[in-house]
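**Student:** Below is the sequence, then the predicted model.
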Amino acid sequence: MTRRLKSATIDQYLEQVPEDRRQALQSLRARIRAIVPNVEECISYRIPAFRLNGAVIAGFCATAKGCSYFPFSGSTLKTLGRDLTHYEQTKSSLHFTPEKPLPSALLRKLIRARIKETRA
């Protein structure tokens, strides 16, 4: 499975994802929308993403091994480094599995940190 499926909407993207990862990403999508109710859904860099006041603040994708969360920032993950020690990550993505999704409290921190960055 490639992580960047060609899709026009998040729903189209999710239709192409294996069931276990689809459920995890649908849950993540719902939790993002609960944290930021007025967020706009979009596709950015060929992955599902969420835009607020013109800035992309979050995104996700399925990977061969699980799922990834993207803050669309080079500094958000650094800012919350101590909170992320239990997760594999790259410079721009945080990795998790369907069996161990990102906790809602951590997701809220990630989104709030990114929104703060966009306002600076």
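**Tutor:** Received it, and whenever you're ready, just let me know what you need.

**Student:** Going by C-alpha atoms from here, please, whenever you check contacts or count neighbours.
**Tutor:** Will do.

**Student:** now the helices for this structure?
**Tutor:** 10-15, 19-35, 76-79, 104-119 (DSSP state H).

**Student:** So which of the ones you listed is nearest Thr63?
**Tutor:** If you check each of the helices of the chain against Thr63 by C-alpha to C-alpha, helix 19-35 wins as the nearest, at 8.4 Å.

**Student:** and the closest one, which residues are buried?
**Tutor:** Of the residues in helix 19-35, those buried by neighbour count under the rule 16 or more other C-alpha atoms under 10 Å are Arg21, Arg22, Ala24, Leu25, Leu28, Arg29, Arg31, Ile32.

**Student:** want to throw the residues you listed into JSON lines with pLDDT and distance to Pro103?
**Tutor:** Formatted as JSON lines, the buried residues of helix 19-35 follow (pLDDT from 0 to 100; distance: C-alpha to C-alpha, whole Å):
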{"residue": "Arg21", "pLDDT": "97", "distance to Pro103": "16"}
{"residue": "Arg22", "pLDDT": "97", "distance to Pro103": "17"}
{"residue": "Ala24", "pLDDT": "97", "distance to Pro103": "12"}
{"residue": "Leu25", "pLDDT": "98", "distance to Pro103": "13"}
{"residue": "Leu28", "pLDDT": "98", "distance to Pro103": "10"}
{"residue": "Arg29", "pLDDT": "98", "distance to Pro103": "13"}
{"residue": "Arg31", "pLDDT": "98", "distance to Pro103": "10"}
{"residue": "Ile32", "pLDDT": "98", "distance to Pro103": "12"}
